[in-house]
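Participant: Coordinates for the following, if possible.
(one chain, ligands or ions: 1)
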Amino acid sequence: MISPRLLQIAMLVEKNKVVFDVGSDHALLPCFLVENGICEKVYAGEIAEGPLNHVKETVEKKGLQGKIIPVFSDGLAKAEDDVDIVVIAGMGYHTIRHVLESCDVGRYQYFLLQSNTDVDLLRRYLSEHMYTIEDERVVYDGFYYQIIRFSADLHDPYSEDEIKYGPILLKRRDEVFLAYLADLLDRYREINRQANKSEYDEKIKEIERILYN
Ligand SMILES: C[S@@+](CC[C@H](N)C(=O)[O-])C[C@H]1O[C@@H](n2cnc3c(N)ncnc32)[C@H](O)[C@@H]1O
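Facilitator: Numbering: from 1, shown residues only. Next comes the predicted model:
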């Protein structure tokens with residue numbers, strides 16, 4: 001079984017679309033999508049030879065040739081025209097930004113992003129480009145991970161709260177999102193307590209306002 005994080009990403013993939021998984025590593029997501037009848041064809045992109053070999057080995061072992069297509073590519077540089085949905089997951093903000101900056105975002109139906117770092121900077125980037133955040137999820141998988149679905153459809157820039165905490169997450173206020181905020185609050189309070197400082201006071205007030213208002 002794949003991890004809760006990858007499962008949540010898979011659940012945001014529309015059925016019968018062609019997916020390009022940027023930085024596929026062991027091709028876990030492509031295999032899940034194909035083996036569960038969500039996709040008939042997934043490109044597994046990799047910039048590094050080692051992981052690309054993992055992809056090839058997995059595809060051969062599982063007999064998924066022709067359904068999962070290994071591509072040696074920096075981001076979407078070598079993506080074919082038939083790609084509908086792009087997944088960029090398990091990477092840092094700077095790598096994700098590099099991939100977005102080096103492609104024609106409007107060519108794809110939507111992107112699923114999961115950044116391991118600086119999710120707020122990622123949303124700020126999307127906001128500055130007037131992209132539309134269509135959906136968001138928080139998933140707990142040892143850490144709290146945020147997944148963002150966005151498209152190149154035009155949207156007014158997002159507010160500061162929306163950039164920091166997510167426009168859809170703020171609206172939906174589901175259990176996992178609230179647990180994530182409560183966890184963040186605990187951590188900031190603990191840092192302040194241990195260092196005997198008020199460094200995180202502003203952040204604490206901000207999260208309390210969102211949680212309790
Ligand atoms: C930590 S793995 C993430 C694997 C998988 N996407 C996941 O979410 O579990 C990151 C992978 O991205 C690849 N990668 C990093 N930069 C890339 C780029 N610009 N284009 C394609 N792949 C890249 C790395 O080689 C590595 O295999």
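Participant: Any chance you could list what contacts stretch 56-71?
Facilitator: 20, 24, 26-27, 30-31, 34-35, 40-46, 52, 55, 78-79 (C-beta atoms under 8 Å, 6 or more residues apart in numbering). For glycine as for every other residue, the C-beta is placed from the backbone atoms N, C-alpha and C.
Participant: Low-confidence ranges, the chain, go.
Facilitator: Along the chain, the model assigns pLDDT under 70 to no residue.
Participant: CA atoms only for the longest helix seen in it - export them in PDB, please.
Facilitator: When the chain is parsed with DSSP state H, its longest helix is helix 175-195. The C-alpha trace of helix 175-195 is given here as PDB (Å, rounded to 0.1, in the frame of the first residue of the first chain):
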ATOM      1  CA  GLU A 175     -10.700  18.000  11.100                       C
ATOM      2  CA  VAL A 176      -7.100  17.400   9.800                       C
ATOM      3  CA  PHE A 177      -6.600  21.100   9.000                       C
ATOM      4  CA  LEU A 178      -7.700  22.100  12.500                       C
ATOM      5  CA  ALA A 179      -5.500  19.400  14.100                       C
ATOM      6  CA  TYR A 180      -2.600  20.800  12.000                       C
ATOM      7  CA  LEU A 181      -3.200  24.300  13.300                       C
ATOM      8  CA  ALA A 182      -3.500  23.100  16.900                       C
ATOM      9  CA  ASP A 183      -0.200  21.200  16.400                       C
ATOM     10  CA  LEU A 184       1.500  24.400  15.000                       C
ATOM     11  CA  LEU A 185       0.100  26.400  17.900                       C
ATOM     12  CA  ASP A 186       1.600  23.900  20.500                       C
ATOM     13  CA  ARG A 187       4.900  24.000  18.700                       C
ATOM     14  CA  TYR A 188       5.200  27.900  18.700                       C
ATOM     15  CA  ARG A 189       4.100  28.100  22.300                       C
ATOM     16  CA  GLU A 190       6.700  25.500  23.300                       C
ATOM     17  CA  ILE A 191       9.500  27.400  21.400                       C
ATOM     18  CA  ASN A 192       8.500  30.600  23.200                       C
ATOM     19  CA  ARG A 193       8.400  28.800  26.600                       C
ATOM     20  CA  GLN A 194      11.700  27.000  26.200                       C
ATOM     21  CA  ALA A 195      13.600  30.100  24.900                       C
END
